[in-house]
Structure formats: C-alpha cells, structure tokens
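>>> With the input below, show me the fold.
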Amino acid sequence: MKKILLLTTEGLGNGHNSASGTLKAALERKGHQVMTIDLLAKANNVSNVIITNWYQKSTAYLPWLYGASYKLNNNEFICKYIFDNFLYLSCRKKFIKIANQFQPDEVILAHPMYIAVSSICLKKAAKPYKQVVLVTDFEHHKMYINQLKKVQAYVVGSDHTKRKMIEDGVAASKIFVYGIPISDKFAKYYKTHNKKSINKTKRILVSAGGMGLPKLKKVVASLAEQTDYNIKVICGNNKKLKQQLTVKYQNNKLIEILGFVDNMPELMSEADLFVSKPGGLSTTEALTMRLPMVIPFYIPGQEGENKDFLVENDLAVYVKDNQQISQEVKQLLDDPKRLAKITKNIDNLAKKYSLDKTIELIEK
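Residues are numbered from 1 along each chain as shown. From the prediction side, this is the model:
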C-alpha cells in the first residue's frame with residue numbers, strides 16, 4: 001500500500017477535479033491511502049478566492065481577457081519567476097506541513113499550478129516522494145515543465161502532446177499516452193451499451209461544461225430550427241440557464257433540458273453527435289465513447305489549443321458562426337462517410353487510453 005497526496009483545485013475548472021476524483025477512487029479500490037488537498041484554499045484563502053473568482057468570471061463573461069492572460073503566463077520567464085514564485089510563497093508552509101505529517105510516497109499533481117511548490121519543497125520534506133503530473137489538455141502550459149527534472153512521470157492525452165513536450169525538453173521516457181483520467185464507466189459503457197446503430201431518430205447531446213456557459217443559449221436556438229433530431233441539453237451547475245431554457249422550450253417535445261448530470265456515459269452512448277466546448281475532460285469522455293464532436297465555441301487559452309488539435313487531426317468539427325450550427329450539424333449527420341472517417345480517427349487515438357495503465361504507473 002502506498003500513501004498518495006493528490007493536489008487539485010476546487011474552483012479552476014471541473015476537469016482537474018474530476019480527474020482527481022477518478023484517480024482517488026481507483027487508487028483506494030486498490031488499497032492505497034489517498035489524501036486530496038486543494039492546496040491554495042488551505043494555504044491562502046484570500047489568494048484562492050481572488051484567483052478562483054477571476055477564472056470563473058473571466059471565462060464566462062470576458063473570455064478574450066482570460067485568453068490574453070493565459071497567453072501572457074505561458075511564457076517561461078513570467079511563469080517561472082513570477083507566477084511560480086507567487087504560488088510557492090503562498091503555499092510552501094502549508095505544503096511542507098502536510099507533506100511532513102502525511103509523508104506521501106507519491107504526489108500526484110492534477111493542476112500545473114502546484115508543480116513548482118511540490119518540486120521546490122522536495123528538499124525540505126521529511127521523506128522523498130515521486131511526482132506524477134496529469135496533463136489535462138492536449139497542449140501543455142509552461143507551468144507543466146518548469147520543474148521537469150524533478151517530475152518522474154507525465155500522463156498525457158495524445159502523441160501530439162508527447163511530441164510537443166519532448167520538443168520542450170521532457171525526456172520521452174517520462175511521458176505516457178494513457179489519456180486524461182476519466183471514470184472507467186465510459187470505456188465499459190462503450191463496450192456494452194453503445195446504441196447509436198439502432199437510433200431511428202438522430203440524437204444530439206449538447207453541453208457547455210460543468211459551469212454551463214451562457215453561450216449555450218445561441219447554440220440551442222440554432223439547433224431548435226431542426227425538427228429531425230432529439231436534443232438533450234446539459235446546463236451543468238448553471239441553474240439560471242437551465243430555468244431559462246426550460247421555460248423557452250417547454251412546448252418543444254424534441255428538446256430536453258437537463259442540469260448537472262451524473263449519467264454522462266449513458267447519455268453519450270445514446271447520442272450520435274456531441275455539441276460542446278472542447279474542455280480536456282469532456283473531450284476525452286467523448287473520444288472514449290467514439291462520439292463525433294462539433295465545437296460551437298471555446299474559451300481562449302487551453303480550450304483554443306484543444307480545438308486546434310481536434311480539428312487539425314480530424315477528430316472534431318469547429319463551427320465559428322453559432323447561427324450556422326444547425327446547418328453544419330445536418331450536413332455532418334447526413335454524411336455517413338464523413339462521420340465514419342472522424343470516428344475511425346477517434347478510435348485510433350482513444351484505443352491508447354487506459355485508466356488501468358495510469359494506476360499501474362503510479363503503483364510502480
């Protein structure tokens with residue numbers, strides 16, 4: 001049995017938290033002792049509130065500003081000497097206290113903001129520990145590699161990610177294309193419950209991520225023009241958005257409005273097409289289910305990079321004008337050869353994904 005410290009964040013996107021939760025559950029089933037900590041919230045709540053509110057408000061209402069900030073921080077000098085030092089000074093005392101009390105065999109980093117803290121504190125820890133980093137998007141931010149010599153393993157979502165990290169100096173032997181950790185329910189559902197082939201009426205699953213971004217309204221309005229599809233809309237934790245859409249489409253029997261859901265594998269297994277922003281986790285879930293994806297919008301920054309990767313590798317279709325979503329979706333669903341090609345490309349990538357291999361890597 002190993003003692004594993006898992007560092008995550010509560011307010012900086014659902015993908016990191018979900019990947020953490022998946023690993024925690026899988027590791028505990030194997031008998032390991034896992035402690036999950038939102039380090040910044042524990043160490044410096046004022047900084048945590050400021051950073052969390054900035055992220056949530058800027059991504060929802062000022063995405064261009066968030067994108068500019070992401071690009072600015074994705075610079076080796078700024079990242080290493082300003083942002084990393086700020087986080088180290090904010091979190092070092094709390095981290096060292098936790099590490100010396102818990103004495104982990106491994107530290108798993110589900111968000112890059114803690115890599116510098118954990119790496120620099122290694123020499124002050126009472127017991128040395130191995131570091132495993134989860135890269136939860138298809139491109140890596142500079143924060144992932146500023147302490148690359150002190151990281152023993154990176155788990156990534158594509159060969160493209162691996163190549164890019166090698167170009168930035170990470171040893172190939174440290175990078176494992178096992179996929180962003182998601183619940184094993186997706187892989188199991190894909191094998192046993194895939195119902196796409198028997199759908200008489202095409203089914204479209206629409207999502208804007210866990211936060212339920214307001215842009216979803218334009219997407220649904222465009223799709224509602226079609227009367228040939230059954231549409232399920234996931235609003236995530238945005239109760240106001242769910243209420244607005246429920247009222248607007250209460251008389252449309254083809255559209256079902258949902259809030260936060262816990263049966264995503266089932267919903268994806270029934271769908272013919274996934275319309276969503278390209279978050280790292282939700283994209284990996286769709287890829288695992290071999291579900292073709294249409295991207296109606298994205299948050300500049302890591303999601304913009306994800307979008308570019310997916311489109312350039314013919315794994316998804318991007319529609320720049322939301323008013324054209326309905327037309328683009330119809331063209332795609334009416335073209336079985338195009339769908340088959342995208343699905344084949346998805347399969348070539350997704351067949352490499354393995355939660356079991358990620359667990360085995362951690363257990364070594």
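>>> so who does Ile359 touch?
23, 26-27, 30 (C-beta atoms under 8 Å, 6 or more residues apart in numbering). All C-beta atoms are positioned from the backbone trio N, CA, C, and that covers glycine.
>>> repeat that with 6 Å
Ala26 (C-beta atoms under 6 Å, 6 or more residues apart in numbering).
>>> And it, how far from Pro112?
21 Å (C-beta to C-beta, to the nearest Å).
>>> My reading is that Val317 lies in a strand. Confirm?
Yes. Judged by DSSP: H, G, I helix; E, B strand; the rest coil, Val317 forms part of a strand.
>>> can you count the residues close to it?
Residues within reach of Val317, counting by other C-beta atoms under 10 Å, total 20.
>>> For the closest residue to it other than its chain neighbours, give the beta-bridge partners.
Once flanking residues are discounted, Val317 sits nearest to Val294: 5.0 Å by C-beta to C-beta, 6 or more residues apart in numbering. Val294 forms beta bridges with Val275, Val317, as assigned by DSSP bridges.
>>> surely Val294 meets Ser276?
No. Applying C-beta atoms under 6 Å, one finds Val294 not in contact with Ser276, separated by 8.0 Å.
>>> Pick out whichever of those two has more residues nearby.
Between Val294 and Ser276, counted using other C-beta under 10 Å, the more crowded position is Ser276 (25 against 21).
>>> Tell me the pLDDT of the closest residue to that one other than its chain neighbours.
Distances taken as C-beta to C-beta, 6+ apart put Ser207 closest to Ser276, at 4.4 Å, once the chain neighbours are dropped. With respect to pLDDT, Ser207 scores 91.
>>> Tell me the backbone dihedrals of Ser207, please.
phi -150, psi 150 (degrees, to the nearest 10).
>>> Number of residues surrounding it?
Neighbours of Ser207 using other C-beta under 10 Å come to 27.
>>> so what's Ala316 up against?
293, 295, 310.
>>> Show me the shaky parts of the stretch 151-300 of the chain.
Counting by pLDDT under 70, the stretch 151-300 of the chain shows low-confidence ranges at 194-200, 210-214.
>>> quick one, strands of it?
Using DSSP state E, counting those that start in this stretch, the strands of the stretch 151-300 of the chain run over 153-156, 175-177, 202-207, 229-234, 255-258, 273-276, 293-295.
>>> Check which helices and strands the third one sits against.
Just to be clear, that refers to strand 202-207. strand 229-234, strand 273-276 (3 or more C-beta pairs under 6 Å, 6 or more residues apart in numbering; DSSP states H and E).
>>> other SSEs contacting the shortest one?
I take that to be strand 273-276. Against strand 273-276 (3+ C-beta pairs under 6 Å, 6+ apart) you get strand 202-207.
>>> Out of the contacts of Ala316, flag the one nearest to Lys57.
Ile295 (22.8 Å; C-beta to C-beta).
>>> all helices of the stretch 201-350 of the chain, in order?
216-223, 239-248, 264-270, 280-288, 302-312, 325-333, 336-350 (DSSP state H, counting those that start in this stretch).
>>> Show me what the longest one is in contact with.
By C-beta under 6 Å, 6+ apart, the list of residues contacting helix 336-350 from outside reads 287-288, 290, 292, 314-315.
>>> For these, which PyMOL command selects only the ones that are buried?
Here is the PyMOL command that selects the buried residues among those (16 or more other C-beta atoms under 10 Å):
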select buried, resi 287+288+290+292+315
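>>> just to revisit the earlier point, okay, the helices of the stretch 201-350 of the chain, which one's buried deepest?
Of all those, helix 280-288 carries the top mean neighbour count, a mean of 26, counting by mean count of other C-beta atoms under 10 Å.
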